[in-house]
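# A structural model of the following input is requested.
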Amino acid sequence: MDHRPPEDIEIRPTTGHDFEIVEAFIHPFVDEKILLPRTTDELAELLNSGYVAEHADSIVGFAALEVYSAKLAEVRSLAVASSHQGLGIGRRLVEACVMMARERDILEVMAITSTEAFFKSCGFEFTLPGEKKALFIQTREH
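Numbers count the residues shown, from 1 in each chain. This is a model prediction of the structure:
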């Protein structure tokens, strides 16, 4: 298999016009429990700080930066079509989200994932300077 990225893949910010196509794109990832389900309001909010990867007039990837505060944001809903995985599209989407965080002067960007090796390859670590770590507790089953 050729793992060189097609040169005509564009990473661009999402717009309100992308809502239905992004919703349809991420639906199979939600069905496979790769992504958490999003309400209409949540998805609309993510589109305000999201990016799509387009190839041949089709969306082949999506990611968004959810901003929690001036200090913290999270890469959310990262998904790349199986036909386009391994081409660097996910990395480019993450880089776009991190660049947005830098432009907004957000101190830290986190990612909650089951594919930790991918995010580590993008520069994410389990600890922050000073050995700060994120800890979680689940308050309900889903």
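# so what's the gap between the lengthiest helix in the chain and the chain middle?
In the chain, assigned by DSSP state H, the helix with the most residues is helix 89-103. Relative to its chain's centre, helix 89-103 lies at 8 Å (Cα atoms, centre = their mean, to the nearest Å).
# renumber starting at 25 from here on
Got it, the first residue is 25 from now on, which makes the last one we talked about helix 113-127.
# so which elements touch the next helix-or-strand element following that helix?
Using DSSP states H and E, the helix or strand that follows helix 113-127 in sequence is strand 132-135. Packing partners of strand 132-135 (3 or more Cβ pairs under 8 Å, 6 or more residues apart in numbering; DSSP states H and E): strand 96-104, helix 113-127. From N, CA and C alone the C-beta is placed, and that goes for glycine too.
# okay, angle between the longest helix of the chain and strand 96-104 too, please.
Relative orientation of helix 113-127 versus strand 96-104 (axes from the mean of the first three to the mean of the last three Cα atoms, to 10 degrees): 160 degrees.
# which residues are in contact with helix 113-127?
Contacts of helix 113-127 with the rest of the structure, by Cβ atoms under 8 Å, 6 or more residues apart in numbering, involve 29, 33, 35, 73, 75, 77, 84-89, 91, 97, 99, 102, 104, 133, 135, 142-143, 145-147.
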